[in-house]
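A.B. asks: need coordinates for the below:
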Amino acid sequence: MNAAADLLVLGSGPSALGLAAAGSAQGLQVRCVAPRPEARWVQNFGSWADELEGTLAERCVEASWAAPSVFSPGGAERILDRRYARVHTRRLQEGLRAACAEGGVVIERGSAVSVDHHDAGATVTLDDGCAREARVVVDAT
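C.D. replies: Modelled structure (predicted):
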């Protein structure tokens, strides 16, 4: 069994790596466990531009629209007065991986099969039978 981490994040998508990077930036010892941590993301990500301000995602915006439209089932168009942005998926993933590496986040292959909570945190048992200890476990799968 490895030494206990402050934070164990299950998953390797945007939420998981974002949380891991943020935790390590705050000085926490962070680990991530995911079935395929090296897999490329294929989803497209978008958000209201003002919600991305000051984040890595803001630096990864590949396109934005000042006044996006919404069409109702009857075909009526409504123009929204809020900038919408599409994030460049590969740049976001690479940026989050780099932030994790810079912060010393350990990212390993595996799948959690059980989580046992106790006074000091939790023990996560992986599909290979190994266990990981952490003060806090977040399932971001």
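
A.B. asks: select the longest strand from this protein.
C.D. replies: Of all segments of type strand in the chain, defined using DSSP state E, the longest is strand 131-139.

A.B. asks: what comes up buried for that strand?
C.D. replies: Of all the residues in strand 131-139, those buried under the rule 16 or more other Cβ atoms under 10 Å are R132, E133, A134, V137, V138. In this view, the C-beta of every residue, glycine as well, is placed from N, C-alpha and C.

A.B. asks: now the end-to-end length of stretch 49-67.
C.D. replies: Chord length of stretch 49-67, first to last residue, is 11 Å (Cα to Cα, to the nearest Å).

A.B. asks: now for the longest strand of the chain, which elements pack on it?
C.D. replies: Helices and strands in packing contact with strand 131-139 are listed as strand 5-10, strand 30-34, strand 121-126; criterion 3 or more Cβ pairs under 8 Å, 6 or more residues apart in numbering; DSSP states H and E.

A.B. asks: what sits up against stretch 10-19?
C.D. replies: Residues lying outside stretch 10-19 but in contact with it, judged by Cβ atoms under 8 Å, 6 or more residues apart in numbering, are 7, 9, 32-34, 36-37, 39, 41, 45, 56, 92-93, 96-97, 99-100, 107, 112, 124, 137-141.

A.B. asks: grab the nearest non-local neighbour of W65.
C.D. replies: Once flanking residues are discounted, W65 sits nearest to Y84: 5.0 Å by Cβ to Cβ, 6 or more residues apart in numbering.

A.B. asks: what comes up buried for the lengthiest helix in the chain?
C.D. replies: Among all segments of the chain classified by DSSP state H, the helix with the greatest residue count is helix 89-102. In terms of neighbour count (16+ other Cβ under 10 Å), helix 89-102 has its buried residues at T89, L92, Q93, G95, L96, R97, A99, C100.

A.B. asks: by contact count, what packs against the next helix or strand after that helix?
C.D. replies: On the C-terminal side of helix 89-102, the nearest following helix or strand under DSSP states H and E is strand 106-109. With contacts defined as 3+ Cβ pairs under 8 Å, 6+ apart, strand 106-109 has these neighbours: strand 30-34.
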